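Undergrad: One predicted model, sequence on top.
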Amino acid sequence: MADNWDRFPSNIGEMLGQIERKSFTFNYKKFEVWQGGACIYSGNSIGQIVAKVVNGQLNVTIDDVMINNHIMKHFSFGEISTNNDRIMWSKDIFNSSDKVERNNPDISSLFFKQGLLSKVTFTIHDPNTLVEFYS
């Protein structure tokens with residue numbers, strides 16, 4: 001069964017106008033780590049993603065011993081986009097630099113159902129990993 005995520009207009013890198021930048025706290029109950037199309041690690045955890053907008057930057061903290069071997073505890077994004085079923089925060093959406101850091105997410109996607117944040121994902125390029133958190 002396909003998820004019925006809320007829909008957003010396509011506005012990559014705010015090329016079609018400014019997007020409101022909002023802080024959020026996401027309480028998750030489950031996470032999955034994906035590499036090469038396979039789930040390599042998953043678990044249940046009463047965890048929290050705290051994301052605060054400061055001077056246009058989204059500063060994220062995930063402090064959970066269950067997952068911190070796969071994703072940094074603290075990182076930030078400076079760019080925001082909307083595209084179909086997600087709001088995306090990114091570091092370099094147009095790939096104008098080759099700067100990547102191990103376990104440091106390059107893109108985060110926020111998925112909403114009826115206006116409520118239901119899933120948060122992080123795309124990491126070193127190593128090529130997708131980390132998903134579910135409410």
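TA: On my side now, so go ahead.
Undergrad: mind listing what's buried in stretch 120-134?
TA: Neighbour counts over stretch 120-134 (16 or more other CB atoms under 10 Å) mark V120, T121, F122, T123, I124, H125, T129, L130, V131, E132, F133 as buried. Any C-beta I mention is one placed from the backbone N, CA and C, and that applies to glycine too.
Undergrad: which element is the third one on?
TA: When you say that, I think you mean F122. Counting by DSSP states H and E, the element that carries F122 is strand 116-125.
Undergrad: and of the buried residues of stretch 120-134, the nearest to S90?
TA: T123 (8.8 Å; CB to CB).
Undergrad: Identify the bridge partners of that closest one.
TA: I107, L130 (DSSP bridges).
Undergrad: Go ahead and confirm it touches N104.
TA: No. Using CB atoms under 8 Å, T123 is not in contact with N104, being 10.8 Å away.
Undergrad: Among the buried residues of stretch 120-134, which pair sits farthest apart?
TA: Most distant of the buried residues of stretch 120-134, by CB to CB, are H125 and F133, 18.6 Å apart.
Undergrad: Noted, bye for now.
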